[in-house]
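1. build me a structure from this.
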Amino acid sequence: MTGSSASNLTMARALNAGLRRALEADPKVVLAGEDIGKLGGVFRVTEGLQKDFGEHRVIDSPLAESGIIGTAVGMALRGYRPVCEIQFDGFVFPAFDQIVSQVAKFHYRSAGRLAMPIVIRIPSGGGIGAVEHHSESPETYFAHTPGLKVVACSNPVDAYWMIQQAVASDDPVIFFEPKRRYHDKAELDTSVPPMPLHSARVTRPGSDLSLLCYGPMVKTCLDAATAAADEGRSLEVIDLRTLSPIDTATVVTSVRKTGHAVVVHEAPISLGLGSELAARITEQCFYSLEAPVLRVGGFDIPYPPSRIEDEYLPDLDRVLDAVDRSLAY
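-> Numbers count the residues shown, from 1 in each chain. Purely as a prediction, here's the structure:
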């Protein structure tokens, strides 16, 4: 996709188009990952890019996540902008040492003299009936790590723009893509300028309660807001979009208006993003709150077998139950 045009794209195709634009814009942008070249990635996000840009820019790496990220560190220090794909969320942990010990710290360690412009793409979350290690939500590990930016797209339009903004950033960016939303479609008009990368969006305005969410849960929360409207309740849905740094100002403005907040994420409840948001809201909105901040998330167990993942993942009923409990205070 080139120039300004409107088209109906899935999230996977929007990411592909965004990566294509990034490759066209800067010859120093290089993609690397397992099966991303000839195969086009297991989700076909990088389909056709190796054919058009060559094997030296879209690199089929060995099956070694630590090696992918370690090589990217060296490339970034030599002026390249590597975009690394971790094939599935649960495969990122062999690279965890490289990310936390090297990627996150190089800029600080060099007193700001060395940039680390690496993007690490991670398909994340459940809902696709996958086997063990293929349905994790590891965002909190990275959001807790100083030196990393962490973002999560939730729709094709954001996916298209956010991947380009992440590639252009001089900071290392962990880029979470909700894999069960890869086939969701939206109209993309490239003539409409994007939001800043680290800003939250009021996806649906409301007055009674603030639903705070990101990634795969944004669609779930929008569906909950639609269902609640049938009962005369007005829910405001905030798509965080960025998990580190959190756009606290947008969250606080919403909660001060509604007096009620429910945070929704797929990851286990304990010590998740919901805990941090609840703390910040309590600190800054204490006199506006009419109820405690409630959290809806995955249970504190390893991700279950795919046959019962629907019982594990937050759904419409669990979100609406939290809304009822909050508004009942």
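2. so where do the helices sit in the stretch 151-300 of the chain?
-> Counting by DSSP state H, counting those that start in this stretch, one finds helices in the stretch 151-300 of the chain at the ranges 156-168, 217-229, 248-258, 273-285.
3. ok, and which of these has the densest surroundings?
-> When those are scored by mean count of other Cβ atoms under 10 Å, the highest mean neighbour count falls to helix 156-168 (a mean of 24). Glycine gets a C-beta too; all of them are placed from N, C-alpha and C.
4. ok, now which ones touch the spatially most central residue of the chain?
-> Centroid check for the chain by Cα atoms, centre = their mean gives Ala152 as the closest residue, at 1.4 Å. Applying Cβ atoms under 8 Å, 6 or more residues apart in numbering to Ala152 gives the contacts 124, 139, 176-178, 214-215, 240-243.
5. partner residues bridging it?
-> Counting by DSSP bridges, Ala152 is bridged to Phe176.
6. re earlier: including distance to Asp324, could the helices of the stretch 151-300 of the chain go into a markdown table?
-> Below are those laid out as a markdown table (distance: least, Cβ to Cβ, whole Å):
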| stretch | distance to Asp324 |
| --- | --- |
| helix 156-168 | 30 |
| helix 217-229 | 9 |
| helix 248-258 | 15 |
| helix 273-285 | 18 |
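7. closest to Leu313 out of those helices?
-> Leu313 sits nearest to helix 217-229 of all those, at 8.6 Å, using Cβ to Cβ.
8. residues touching the closest one, excluding its own?
-> Contacts of helix 217-229 (Cβ under 8 Å, 6+ apart): 154-155, 181, 184, 203-204, 206, 211, 213, 234-237, 239, 264-266, 314-316, 319-320, 323.
9. switch to 7 Å and redo it
-> Residues outside helix 217-229 that contact it (Cβ atoms under 7 Å, 6 or more residues apart in numbering) are 154, 181, 203-204, 206, 211, 213, 235, 237, 239, 264-266, 314-316, 319-320, 323.
10. what is the subsequent helix or strand relative to the longest helix seen in the chain?
-> Secondary structure of the chain per DSSP state H: the longest helix is helix 11-25. The helix or strand immediately downstream of helix 11-25 is strand 29-33, counting by DSSP states H and E.
11. what helices or strands is the lengthiest strand in the chain leaning on?
-> Longest strand of the chain, by residue count under DSSP state E: strand 261-268. Using 3 or more Cβ pairs under 7 Å, 6 or more residues apart in numbering; DSSP states H and E, the elements in contact with strand 261-268 are strand 209-213, helix 217-229, helix 273-285, strand 294-298, helix 316-327.
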